[in-house]
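Chemist: my questions concern the predicted model and sequence given below.
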Amino acid sequence: MFEFRDRVLEVLRDMEDWRPESEKGFDRNNWSNGYLPGCWGLMGGDVETFRERGTAYIDKLPSVTHWVRRSTNHGAVIYATYLVGAKALGEDLSHLDTLREIVRRAIGEQLYAEGINYLNFILSELLPLTVALWENEQDWRTFIAETFPGLDMAKRTLMLAAGLEGSVRFMWGDMSDLRVFQNGLRFADSLSDEGALIETLANQFKLPDYRLEPLVGHLPSGGSRPVPETVHFPNEFVVDKRGDTALWILGSKRQMTHNRAHDMASFLFENPRLFVGKRFGREAYKHNGILLSDAPGFPNCPGPDPFDRRVVDGRVERIGDGHWRAIAPRSYAGCPTRVELHVRDLHLVEDYLVVIDQVVVKGDGVPFVQFFTHELTALYDARHYEDRTICTMEKGRRAWLSAVAIGAEGVIKLKNGIRFRGRTFPTPPDRLELLRPRETEANRPQTLAET
């Protein structure tokens, strides 16, 4: 053991610098800024070196706002791993305040904007620090609430992301896969008594990960307090679960890196017969959204990414029970034609989903609507491409219109609105001035306290 420790300290001591370099100088976002001083402290290195090569640089890191908007998982991991070393050496833990504020603002106020994978990564790196700070005689959940206010929202995020069959279904940002390590889930499950992840995400627990078992084996799990099934975070994400259906609407506009495409107005939908997902990645053409005929590589977009950048001034609002509206002004950049306004109404009807799109474009390109499913009925023409269906839009006086019923073989038609299964839904407004937020009980976003 001492031979291993001495060898690790020797390697770290011989490194010219603990700061990785980028083209613009030292990379402040690199995880090694926290891992290396953390390792030095755990291995019992001297305090002077820890301060000189670790703390001195941590003191110069950007403000909390930088980490919340741009590199949240980097900031959380850097501070958490550095603080493990500081705790081991009995050093000052004042940077815990910065980490606490990152957690509160990035995790505690909304669904975590960078996605499930990055949330799981943060949980894995917070776990050792949290256990190291815990005084065993204190109630664990009380300690969590005092040390990291809002961290319990990580559990709610995972609960709300669960689909009907025990796996994570709701994905956003640039997630490359849906691997969620069990120890991260077990740590999350300990954070509150709201629901039980081991039941809600039963399939994710089939592949155990014992690397951190000593840290999670004695933590509490589960709880009987119910999790709300319909949650609308202010102007952003929506989760609407009812019976055997689940609708997730993407609308985050806060994150500028891993979720910088924002996916505004895209959605995921599940019922017992189908799941409407998306392709992995944050680019807009990988979502259930609008395509433009003059985009490079249309309709497959294999070339330069035409829909990579989206503006951040959209919103999602509730227009009735089971009825939602997503608004994305100036949705795309990078094509000859630009989408000036995209308004999407989503209606849960029995276990079907009716999606109505109004699109205003500037340029000669023609808009189409893309859905990652073949199981739909379209108001106008629809064509299958691999794992998705592209639906034709019809041009009106100002805007292009499309409507589909997902999961249904029945007729959908235009008659004083969109008619489906004996119900009529109005077409969305096509002018931005008609879409100002209305502070009514029907569309008022919920706060965390209310949910």
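Modeler: Right, received. Where do you want to start?
Chemist: helix or strand with the lowest mean pLDDT in this protein?
Modeler: strand 25-26 (a mean of 60; mean pLDDT, DSSP states H and E).
Chemist: what packs against the next helix or strand after that strand?
Modeler: Following strand 25-26 in sequence order, the next helix or strand is helix 32-42 (DSSP states H and E). Counting contacts by 3 or more CB pairs under 8 Å, 6 or more residues apart in numbering; DSSP states H and E, helix 32-42 is packed against helix 2-14, helix 47-50, helix 56-58, helix 72-88. From N, CA and C alone the C-beta is placed, and that goes for glycine too.
Chemist: tell me which of those helices sits most buried.
Modeler: Stretch with highest mean neighbour count among the helices and strands packed on helix 32-42: helix 72-88 (a mean of 25; mean count of other CB atoms under 10 Å).
Chemist: and that helix, how far from the chain's centre?
Modeler: On the basis of CA atoms, centre = their mean, to the nearest Å, helix 72-88 sits 22 Å off its chain's mean C-alpha point.
Chemist: packing partners for it?
Modeler: helix 32-42, helix 56-58, helix 64-69, helix 96-106, helix 116-133.
Chemist: relative to helix 116-133, how tilted is that helix?
Modeler: 10 degrees (axes from the mean of the first three to the mean of the last three CA atoms, to 10 degrees).
Chemist: what mean pLDDT does helix 72-88 get?
Modeler: Averaging pLDDT along helix 72-88 yields 94.
Chemist: with stretch 273-289 instead?
Modeler: pLDDT averaged over stretch 273-289 gives 86.
Chemist: A106: what's it in contact with?
Modeler: With contacts defined as CB atoms under 8 Å, 6 or more residues apart in numbering, A106 is in contact with W67, V68, T72, A76, Y112, A113.
Chemist: kindly state the pLDDT recorded for it?
Modeler: 90.
Chemist: now it: how far from I412?
Modeler: 40 Å (CB to CB, to the nearest Å).
Chemist: do T157 as well
Modeler: 34 Å.
Chemist: and what of L341?
Modeler: In terms of CB to CB, L341 sits 23 Å off from I412.
Chemist: T98 contacts I78, correct?
Modeler: No: using CB atoms under 8 Å as the test, T98 is too far from I78 to be in contact (9.9 Å).
Chemist: name the residues contacting each of those two.
Modeler: L61.
Chemist: what about the stretch 251-400 of the chain, any weak spots by pLDDT?
Modeler: 252-256, 259-263, 302-313, 330-334 (pLDDT under 70).
Chemist: now do the strands in it.
Modeler: Ranges of strands in the stretch 251-400 of the chain, per DSSP state E, counting those that start in this stretch, are 267-271, 274-276, 290-292, 315-320, 323-329, 338-349, 352-362, 367-371, 376-378, 382-385, 388-392, 394-395, 400-406.
Chemist: elements contacting the last one?
Modeler: The helices and strands touching strand 400-406, judged by 3+ CB pairs under 8 Å, 6+ apart, are strand 352-362, strand 367-371, strand 376-378, strand 388-392, strand 394-395, strand 412-414.
Chemist: list the buried residues of the first one.
Modeler: Looking back up the chat, that one is strand 352-362. For strand 352-362, a neighbour-count test (16 or more other CB atoms under 10 Å) marks Y352, L353, V354, V355, I356, D357, Q358, V359, V360, V361 as buried.
Chemist: which ones are touching N73?
Modeler: Neighbours of N73 in contact, by CB under 8 Å, 6+ apart: E114, Y118, L119, F121, I122, H258.
Chemist: if we ignore the residues flanking it in sequence, what's nearest the fourth one?
Modeler: Excluding its sequence neighbours, the residue lying closest to F121 (CB to CB, 6 or more residues apart in numbering) is N73, at 5.5 Å.
Chemist: for the one you found, give its distance to G184.
Modeler: The gap separating N73 from G184 is 12 Å, by CB to CB.
Chemist: which residues do the two both contact?
Modeler: F121.
Chemist: got the end-to-end distance for stretch 64-82?
Modeler: Distance between the boundary residues of stretch 64-82 (CA to CA, to the nearest Å) amounts to 16 Å.
Chemist: what's the spacing between L158 and D189?
Modeler: For L158, the distance to D189 - CB to CB - is 8 Å.
Chemist: quick check: neighbours shared by the two?
Modeler: Common neighbours of L158 and D189 (CB under 8 Å, 6+ apart) are L197.
Chemist: ok, back up a step: so which of the strands of the stretch 251-400 of the chain is nearest D59?
Modeler: Evaluated over the strands of the stretch 251-400 of the chain, closeness to D59 peaks at strand 315-320, with 38.3 Å, by CB to CB.
Chemist: excluding chain neighbours, what is closest to the most centrally placed residue in the chain?
Modeler: Nearest to the geometric centre of the chain sits G115, at 3.1 Å (CA atoms, centre = their mean). Computed as CB to CB, 6+ apart, the closest residue to G115 that is not its neighbour in sequence is G173, at 3.5 Å.
Chemist: and the one you found, which of the three is it?
Modeler: The local conformation at G173, judged by DSSP: H, G, I helix; E, B strand; the rest coil, is coil.
Chemist: in this structure it contacts L111, no?
Modeler: No: the criterion here is CB under 8 Å, and G173 misses it with L111 at 10.6 Å.
Chemist: A helix includes E135, no?
Modeler: No: according to three-state DSSP, the state of E135 is coil, so it is not within a helix.
Chemist: ok, for it, nearest residue in space, not its chain neighbours?
Modeler: In space, and not counting its chain neighbours, E135 is closest to F143: 7.4 Å by CB to CB, 6+ apart.
Chemist: ok, T49 - contacts?
Modeler: T49 sits in contact with R13, W40, where contact means CB under 8 Å, 6+ apart.
Chemist: any idea how far L247 is from it?
Modeler: With distances taken as CB to CB, T49 is found 54 Å from L247.
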